[in-house]
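1. Okay, here's the prediction I keep looking at, along with the sequence it came from:
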Amino acid sequence: EELYRSEDVHALAALYANEFTFFPEHTAGIFLEKDLSKFFKDWFAGGHVISSNKQIFTVEAYDKHLLELGTFSLHYSSAKNSQGEYKGKYMVLWNKDSAGKLHIVAETFGAETYIEPDAVPYVDVLVEENNFKALDNVNSQLISEVEAFDAVVLKAVATGDANARANGFTEDAILLSNFEPIIAGDRKD
C-alpha cells in the first residue's frame, strides 16, 4: 500500500520474482521486469495515487508459496478522472526463495463491478503484448492434461452445465470471478 502511495517504481518492481505474471484489468498481461517497471512508471507519470487500501480475505500456505486473496480500494487522480476510485478483488501468489524472502510470482486484480476501460487508473498506459513461456518448456503430459481439462470446461460453459463446471474445482477451491464476491470452499455454491 505504501509503495503505491509513494509511487516507488523500483521498490514495487523489486517485489516480483524473476519469472512472474501480472494481469492488470483491461490491458495485456505483463511477464518481464522491464515491462512491469515501464507500466508503473507510465501509470504514475499520468496520474497520482491519493490513497491505497487492501483488505486481506484469506492467506493459504503451501510448501514454498503463499496465496493471498482480498479486496482493494484505490483513490486516484488522472487526466481523465480528477477524483477516481478503483475498487475490486485481487490475488497474489507469493514464492519464498532459499533465503526466506517473499517474491510475487503471479498477481491479478479487477473491479468489483463492471467498469469501462477508461475508468482504470492506468488507462493511458500502453502495454506491449508478450507471450507466455513457450510450451516446449513444459512437460508434454501436463500440457495434454490441461488441454483435456480445458475442453471439459469449455463444453460445460457452452452448454450451461453448472455441475460439470463445478466438478472441475477441488472442495477447497477459491473462485475470483469478475464482478462477483470471492467464493471459497463449497463447490455447490
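-> That came in fine, so what should we check first?
2. Could you measure from the residue lying farthest from the centre of the chain over to Arg165?
-> No residue in the chain sits farther from the centre than Thr159, which is 27.7 Å out by C-alpha atoms, centre = their mean. Counting by C-beta to C-beta, to the nearest Å, the gap from Thr159 to Arg165 is 9 Å. C-beta here means a position set from N, CA and C on the backbone, and glycine is covered the same way.
3. In three-state terms, label the residue nearest to the spatial centre of the chain for me.
-> Centroid-nearest residue in the chain, with C-alpha atoms, centre = their mean: Thr108, separated by 0.5 Å. Of the three states, Thr108 takes strand under DSSP: H, G, I helix; E, B strand; the rest coil.
4. Buried residues, the longest helix seen in the chain. List them.
-> Under DSSP state H, the helix in the chain containing the largest number of residues is helix 140-159. Using 16 or more other C-beta atoms under 10 Å as the test for burial, helix 140-159 gives Ala156.
5. Return the mean pLDDT over it, rounded to an integer.
-> For helix 140-159, the mean per-residue pLDDT is 86.
6. what about that helix, distance to the chain center?
-> 22 Å (C-alpha atoms, centre = their mean, to the nearest Å).
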